[in-house]
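J.: Provided below for reference: sequence and predicted model.
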Amino acid sequence: MRRTLKARVPLFTLALAASALCIAQTAAPIPGLSLTTLDRMQGPGWWPTKGIPPANTYVGEAACAKCHINVVATQHSTPMYHAAARAESTPLLAQYPDMTFHEGPYTYAIRHNNSSVSNGVATAAQPIAWAFGNGEYGQTYILESSGQYTESRLSYYASLHALDITTGHSTELPSTLEKALGDPLKPDTAQHCFSCHTTEAVVSDSFQPEKAIPGVTCEACHGPGAKHVAAMTAGQDDMSAATITNPASMSPTDSVDFCGACHRTWSDVTMLMPANIGIVVVRFQPYRLEMSRCWGTAGDPRITCIACHNPHQPLVQSTAAYDIKCLACHRALNGRRTNEPTQPHVTAPACKVGEHDCASCHMPRYEIPQTHASFTDHDIRIVRARDTLPQ
């Protein structure tokens with residue numbers, strides 16, 4: 001029987017114990033156990049969204065490109081690299097310089113770098129400081145006034161070629177013009193948003209968004225590179241691994257939790273989010289991946305996030321392109337289907353239906369309400385007609 005949330009509840013006791021150990025920095029995470037991102041950030045070493053290192057430990061992607069020019073070049077074409085842009089540098093706002101939206105008595109307008117809303121009598125407006133999202137599916141605007149950041153009530157959605165209410169915002173009519181502009185971000189929320197969409201927004205444990213580098217660049221994932229550059233410049237190749245973070249060297253659970261720092265770990269969802277949030281969980285790919293039966297108890301390096309997705313290259317959209325990953329375990333041998341594993345330590349029956357477009361059946365797509373987009377469910381499973389939507 002496929003593992004369910006209920007079946008994993010006893011791990012909460014271990015997770016809480018691991019949390020205490022990490023906070024006290026007296027022990028490493030328990031192997032095979034997903035931790036919350038907050039716990040990970042309390043541990044030693046680098047972790048995404050961790051802003052402890054000072055600014056002078058960062059070197060910038062130009063320094064990385066001196067040795068990794070091809071990797072840096074292809075990473076520029078990824079959605080992560082374009083996860084954020086300052087308003088004045090946002091191509092989409094230049095392409096759509098005058099967007100409007102109507103809701104009850106309110107008329108909204110996003111014109112160039114300004115967001116406004118009017119009720120016919122008065123108008124409230126704030127400048128747009130940042131755009132989060134590259135616009136492939138959508139783009140949300142971050143307003144700023146006197147140091148206070150506000151998430152705009154309206155976002156651009158590519159499938160509509162127009163504005164609509166930002167995902168997660170209430171669909172009820174706002175009671176005031178100020179509330180119609182958007183939701184003010186609490187300092188810790190703003191810090192986390194910037195930490196996932198930009199690089200170096202937090203340094204020396206201080207939130208400094210005005211100095212942030214737009215998008216997810218090399219050091220957002222690999223950590224500050226000054227020590228690594230110094231070691232390589234000095235010819236100390238034997239020290240290279242110890243001076244930079246390489247997610248490829250991590251255990252399966254650590255690797256998936258690493259990506260989960262921004263995409264939600266299993267523990268982030270089960271321990272920190274409300275129960276029964278419904279189909280929204282499909283957006284949390286690391287969590288869904290660890291719900292898969294083939295994940296097991298300690299994970300499998302062949303089905304981590306980076307086993308299928310190269311973060312230095314654009315996302316591959318064709319489901320057929322992932323067949324080779326599936327068939328590494330689930331394969332018909334000698335022209336016949338077999339239940340014998342292709343590797344001795346794995347039991348992976350071959351699919352009885354086919355060997356093409358595996359993900360189109362076993363990783364269905366669901367449209368998430370209010371997003372105007374569909375998302376691939378990373379809970380790898382046999383999907384049956386009687387199955388309910390993911391919970």
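T.: Looks like it arrived, so ask away. Residues are numbered from 1 along each chain as shown.
J.: show me which positions of stretch 87-100 end up buried.
T.: Residues of stretch 87-100 classed as buried under the neighbour-count rule (16 or more other Cβ atoms under 10 Å) are 87, 90, 92, 93, 96, 99. C-beta coordinates here come from the backbone N, C-alpha and C atoms, glycine included.
J.: for the residue located most distally from the centre of the chain, helix, strand, or coil?
T.: Within the chain, residue 121 marks the point farthest from the mean C-alpha position, 41.0 Å out by Cα atoms, centre = their mean. Using DSSP: H, G, I helix; E, B strand; the rest coil as the criterion, the local structure at residue 121 reads coil.
J.: can you pull the contacts of it?
T.: Residues near residue 121 by Cβ atoms under 8 Å, 6 or more residues apart in numbering: none.
J.: roughly how far is the helix or strand containing residue 192 from the heart of the chain?
T.: Taking DSSP states H and E as the criterion, the element that holds residue 192 is helix 187-197. Offset of helix 187-197 from its chain centre (Cα atoms, centre = their mean, to the nearest Å): 13 Å.
J.: who touches that helix?
T.: With contact meaning Cβ under 8 Å, 6+ apart, helix 187-197 is reached by 48-49, 51, 83-84, 130, 132, 142, 149, 151, 185, 201-202, 207, 209, 212, 215-216, 261-262.
J.: the same query, at a cut-off of 7 Å, please.
T.: Helix 187-197 is touched from outside by 49, 51, 83-84, 132, 149, 185, 201-202, 207, 209, 212, 262, with contacts defined as Cβ atoms under 7 Å, 6 or more residues apart in numbering.
J.: among those residues, who's most crowded?
T.: residue 84 (28 neighbours; other Cβ atoms under 10 Å).
J.: from residue 222, how far off is it?
T.: 18 Å (Cβ to Cβ, to the nearest Å).
J.: before we move on, the earlier item: tell me the mean pLDDT for the helix holding residue 192?
T.: pLDDT averaged over helix 187-197 equals 97, rounded to a whole number.
J.: gap between the next helix or strand after that helix and the chain center?
T.: Moving toward the C-terminus from helix 187-197, the next helix or strand (DSSP H and E) is strand 198-199. Centroid separation between strand 198-199 and its chain, computed with Cα atoms, centre = their mean, is 13 Å.
J.: got it, and stretch 103-122?
T.: In this view, stretch 103-122 has its centroid 31 Å away from the chain centroid, taken as Cα atoms, centre = their mean.
J.: could you do stretch 75-82 as well?
T.: In this view, stretch 75-82 has its centroid 13 Å away from the chain centroid, taken as Cα atoms, centre = their mean.
J.: and what of stretch 107-124?
T.: Distance, centroid of stretch 107-124 to centroid of chain: 31 Å (Cα atoms, centre = their mean).
J.: what does stretch 251-264 give?
T.: Computed by Cα atoms, centre = their mean, the chain-centroid distance of stretch 251-264 equals 10 Å.
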